[in-house]
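1. Coordinates for the following, if possible.
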Amino acid sequence: MSETKRLSRRDFLRLAGGAVSVTALAACTPVAVPGAAPAGGSAAPAAVTAMTVWVIRSFAPPADDVLIANVETWAAQNSIDLDLVAEIEVPTLNERLAAAVESRNLPDVAEIAGDRISLHYPSGLFADMSDLYAELDEEYGGFFDVADKTATIDGAQWAIPYSISSSLMHVRKDILDNKGLPLPSTWEEYVEVMAAAQEKPDLYGAGIGLNQAAGDSENTFNLMRLSWGSTNTDETGRNITINSPETREWLDFVINTMYAADIFPPDVFEWDNASNNAAYQNESVISIHNPASVLVWLKANKPDLAAVTAITGVPAGPLGSFNSAGVRVGWTTFNTVPAEKQALGYDLIRFLFEPAQYEPWISLAFAAPPVEQYASMEMWNDPQNAGFLDAARTGVLGGHPGPITPASAELGTRNPSLTMVLRVVVDGWTLERAIEEAEQVATDIYSKYE
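-> Reported below is the predicted structural model:
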């Protein structure tokens, strides 16, 4: 089991900077479960008085507060004694989930990151949620393609996508304008512009972490690789393709052009996933590649900085530009959970999807919706927000050009693109040795799933 300490609601708010006093919800009279039981469940759900719900804490605490309050409201309305766990995804809740899967001691309902759906699918512990998925798909105008591909494995849906996250470039347009520099459209232009715009040691061009704890950087470097034609597998998702001339050309550019230009802050080797956010917010870098959490924070705390922040797609390589899209979080339940609790979990998910709950949450969150109905909200008319919605509809999933599989999900946890960069920059390896190691790691992982 995981040694991660369970956070109480009070602990969560304290760690997130909140100051709200929370009283535990007491169980009143047992609730009769509304709606039908999930497919394969019992025909007559029993009364339920307590539920365990796991929620992923994001980098947008106001949105987290809305979501948690919605869950608590639902519990109060149904006289449920709520055991709520709210923790940050990487690494805390991911580690908790992995331990729970191993021990088969799972919550009743949980938020789960999209890549964890395929990663943990081989455990056989997810409940088939196809009936609820079809219901919500019809009610809310249809799930986006990326949501459908993430939730669907072997012809059934194992989670209900709740938001789609994409990372776009955040760039200090005011700094570039003052120096007569354009927004870069290619990676070569990016290096040239950032080198010309920065004012070391107080201001650096590239807010990209060079540390395994900075998982955002894996996404950045992976999208760069795709624009050079470098991929982990072919379109079948079965044949490893890392050791290629395209990978060498990409890695050579990163090391001998991008890193050699000295546009990274010197402390990027100690960064984690929050560090690039902080660097942009404290105005020590000109650009970052990040979800909209930074923009959400800026609008609330530094509106003047938000106003001069340009949101653009990822710069292009020789084969063009690629943006990412992935299910930020989905809701799931497990087949270890009694049918009556699965049915009640369905009711919670329905409640959270309703406009009265969903719209206030998504307006404060840093992700796009997974369904068409909420794509018509006024917030997406803002040019800074519009790019995230467009990327949610058109971005590429992890594993591209192959399908999402347990193997691709596991390889993603190993940060192959970032690791190749670190092997050369930090460990002094040759490009060839770093590429060969990445190929072998991928081969070993994929061989487990043959």
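
2. what's the spacing between residue 329 and residue 185?
-> For residue 329, the distance to residue 185 (CB to CB, to the nearest Å) stands at 32 Å. C-betas here are computed from N, CA, C, even on glycine.

3. element containing residue 204?
-> strand 204-206 (DSSP states H and E).

4. Pull the distance from that strand to the chain's centre.
-> 24 Å (CA atoms, centre = their mean, to the nearest Å).

5. residues making contact with the following helix or strand past that strand?
-> Per DSSP H and E, the first helix or strand lying C-terminal to strand 204-206 is helix 215-228. When contacts are defined by CB atoms under 8 Å, 6 or more residues apart in numbering, helix 215-228 is touched by residues 90, 167, 187, 208-211, 231, 246-247, 249-250, 253-254, 273, 276, 289-290, 314-324, 396, 398, 400, 412, 415-418, 420-421.

6. again, only using 7 Å
-> 90, 167, 187, 208-210, 246-247, 249-250, 254, 273, 276, 289-290, 314, 316-322, 324, 400, 415, 417-418, 421 (CB atoms under 7 Å, 6 or more residues apart in numbering).

7. on that earlier part again, show me which of residue 329 and residue 185 is the more surrounded one.
-> Between residue 329 and residue 185, residue 329 has the larger neighbour count (other CB atoms under 10 Å), namely 26 against 14.

8. out of everything not next to it in sequence, what's closest to that one?
-> Nearest non-adjacent residue to residue 329, counting by CB to CB, 6 or more residues apart in numbering: residue 111, 4.6 Å away.

9. quick one, domains of the chain?
-> By the assignment in automatic domain parsing, the chain contains the domains 9-165+326-394, 168-322+414-447.

10. out of the contacts of helix 215-228, which are buried?
-> Buried subset of those (neighbour count, 16 or more other CB atoms under 10 Å): 90, 167, 187, 208-210, 246-247, 249-250, 254, 273, 276, 289-290, 314, 316-317, 321-322, 324, 400, 415, 417-418, 421.

11. From the residues you listed, which land in helices?
-> Residues of those located in helices (DSSP state H): 187, 246, 247, 249, 250, 276, 417, 418, 421.

12. JSON lines for these, including distance to residue 64 and pLDDT?
-> Conversion of these to JSON lines gives the following (distance: CB to CB, whole Å; pLDDT from 0 to 100):
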{"residue": "187", "distance to residue 64": "34", "pLDDT": "98"}
{"residue": "246", "distance to residue 64": "40", "pLDDT": "98"}
{"residue": "247", "distance to residue 64": "38", "pLDDT": "98"}
{"residue": "249", "distance to residue 64": "42", "pLDDT": "98"}
{"residue": "250", "distance to residue 64": "36", "pLDDT": "98"}
{"residue": "276", "distance to residue 64": "20", "pLDDT": "97"}
{"residue": "417", "distance to residue 64": "29", "pLDDT": "98"}
{"residue": "418", "distance to residue 64": "27", "pLDDT": "98"}
{"residue": "421", "distance to residue 64": "32", "pLDDT": "98"}
